[in-house]
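S.K.: Sequence isn't available, so here's the structure alone:
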């Protein structure tokens, strides 16, 4: 209704994820950087978490719409409460595989054959799993087993897990998921948008459907909208959708703060809009606030931190260091593309070609020329693997030096 009144070509504030309306806020830009870094590694798990409505599904849809299909085969599933066997069949269907009956072994064999075929065609595979907080530990372990498929020494499947904050907690704390946790190579928690980004977000979505400044929004509207929504994209959509409907009904070309307050009151009365859910990361150990008590109440010794709070603070500090390490690599490797480019397959192709030559040569024993060629092929493989190892060692050394320098700087600032 309001789209016709305001001359728009579509509805810009629908609640379902649409990659066309993707808005790169600061937290989404950071998430894409981690995605780019993770995809460049070509293995393991990437974990993106966030509150309900934070934009995880839209981010995934944007990724699916922008990947190079000539180099990456991507499939996406949205999970409910699946057990391990059901998840295997759902993953097979996501890649377009038809599995006769309901046999897990058959499904696994078809998935492995498919992954090998894609690798021979020069493509890696990515499985995007949305709403991962619904998965059982058993199902997550099945995903880990899928990530074991390899061609030689090269992983065939990478997995992106999207979930709500409780999934992040599960990954970090469950003893049963230790092996999966060790395979997480990149992770990011989607925070709320900054208040200054809310106005740009609204106008970005409007511009995509032909908005020419009608209706006009008071600057106060954006400030109040940021506060009311907590900076969560889906909540912003919900409010602005109702706000523009009110504007169309009342035939208003100017949206002011009074209209916004009326909409918020209506939403609160309908029970459709509660308090914003803004995630707050636990403070690092050094930032735990100290409370000054009156002299009569002051204890002899400062109370020790609760063990759970201490562990949470250490985990947060470790995560910050890990994020810094990944950010440094991103600054060195990323280009201007919206998603960091996938790595070239040249090295993997050379290794695979060398392995094929060795297999062919080994089938022809007794020929001096063959033996010489076999030795040359083996030297080629050793040289390629040595080059990869040297590059990884150089990167690790550089990162270690940088982290030590930053931590030393933090220590000196704290001492000052």
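M.R.: Good, I have the coordinates. Predicted model, so just to flag it, every value in this text is computed and none were measured. Numbers count the residues shown, from 1 in each chain.

S.K.: Going by C-alpha atoms from here, please, whenever you check contacts or count neighbours.
M.R.: Will do.

S.K.: just for the stretch 151-300 of the chain, where's the confidence low?
M.R.: 271-300 (pLDDT under 70).

S.K.: where do the helices sit along it?
M.R.: 165-173, 178-181, 195-207, 219-229, 233-249, 257-270 (DSSP state H, counting those that start in this stretch).

S.K.: Ok, which of the ones you listed comes nearest residue 93?
M.R.: Closest approach to residue 93 among the helices of the stretch 151-300 of the chain is made by helix 178-181 (23.3 Å; C-alpha to C-alpha).

S.K.: What are the buried residues along the closest one?
M.R.: 180, 181 (16 or more other C-alpha atoms under 10 Å).

S.K.: That one - contacts with which helices or strands?
M.R.: Taking 3 or more C-alpha pairs under 8 Å, 6 or more residues apart in numbering; DSSP states H and E as the contact definition, helix 178-181 has no neighbouring helices or strands.

S.K.: change it to 10 Å
M.R.: helix 137-146, helix 165-173 (3 or more C-alpha pairs under 10 Å, 6 or more residues apart in numbering; DSSP states H and E).

S.K.: circling back to that earlier point, so for residue 99, which of the helices of the stretch 151-300 of the chain sits nearest?
M.R.: helix 178-181 (26.5 Å).

S.K.: Enumerate every residue touching residue 85.
M.R.: Counting by C-alpha atoms under 10 Å, 6 or more residues apart in numbering, residue 85 touches 102, 103, 104, 105, 107, 108, 138, 139, 142.

S.K.: Which member of these is positioned nearest residue 151?
M.R.: When the contacts of residue 85 are compared against residue 151 (criterion: C-alpha to C-alpha), the nearest one is residue 108, at 15.3 Å.

S.K.: Could you save the helices and strands packed on helix 178-181 as CSV and add columns showing mean neighbour count and distance to residue 153?
M.R.: Compiled in CSV, the helices and strands packed on helix 178-181 are given as follows (neighbours: other C-alpha atoms under 10 Å; distance: least, C-alpha to C-alpha, whole Å):
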stretch, mean neighbour count, distance to residue 153
helix 137-146, 18, 15
helix 165-173, 16, 26
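
S.K.: Can you add distance to residue 265 and give those helices back as JSON lines?
M.R.: Below are the helices and strands packed on helix 178-181 laid out as JSON lines (distance: least, C-alpha to C-alpha, whole Å):
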{"stretch": "helix 137-146", "distance to residue 265": "42"}
{"stretch": "helix 165-173", "distance to residue 265": "29"}
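
S.K.: ok, back up a step: now for the helices of the stretch 151-300 of the chain, which one comes closest to residue 150?
M.R.: Short answer: helix 178-181, nearest of those by C-alpha to C-alpha, at 16.5 Å.

S.K.: Which one of the helices of the stretch 151-300 of the chain lies nearest to residue 96?
M.R.: helix 178-181 (25.7 Å).

S.K.: mind checking how far residue 94 is from residue 261?
M.R.: Distance, residue 94 to residue 261, by C-alpha to C-alpha, to the nearest Å: 44 Å.

S.K.: same question, residue 108
M.R.: As judged by C-alpha to C-alpha, residue 108 and residue 261 stand 55 Å apart.

S.K.: what do you get for residue 45?
M.R.: 43 Å.

S.K.: Could you do residue 166 as well?
M.R.: Residue 166 is 32 Å from residue 261, by C-alpha to C-alpha.

S.K.: Kindly report the same for residue 62.
M.R.: Where residue 261 is concerned, residue 62 sits at a distance of 33 Å (C-alpha to C-alpha).

S.K.: go on, residue 203?
M.R.: 20 Å.

S.K.: hmm, back to that, tell me which of residue 108 and residue 261 has more neighbours.
M.R.: residue 108 (19 against 16; other C-alpha atoms under 10 Å).

S.K.: That one touches residue 88, doesn't it?
M.R.: Yes: in terms of C-alpha atoms under 10 Å, residue 108 counts as a neighbour of residue 88; the distance is 7.1 Å.

S.K.: so what sits against both of those two?
M.R.: residue 146.

S.K.: Isn't residue 81 up against residue 136?
M.R.: Yes: Residue 81 is within contact range of residue 136, at 7.1 Å (criterion: C-alpha under 10 Å).

S.K.: Tell me which residues touch residue 42, please.
M.R.: 124, 125, 126, 154, 155, 156, 157, 158, 159, 185, 342, 343.

S.K.: Which pLDDT value belongs to it?
M.R.: Looking at residue 42, its pLDDT reads 85.

S.K.: Would you map the strands across the stretch 51-200 of the chain?
M.R.: Counting by DSSP state E, counting those that start in this stretch, the stretch 51-200 of the chain has these strands, from start to end: 72-78, 124-130, 150-151, 154-155, 157-163, 184-190.

S.K.: Let me have those in TSV, extended by mean neighbour count and distance to residue 267.
M.R.: Below are the strands of the stretch 51-200 of the chain laid out as TSV (neighbours: other C-alpha under 10 Å; distance: least, C-alpha to C-alpha, whole Å):
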stretch	mean neighbour count	distance to residue 267
strand 72-78	18	29
strand 124-130	23	28
strand 150-151	14	52
strand 154-155	17	49
strand 157-163	24	27
strand 184-190	22	25
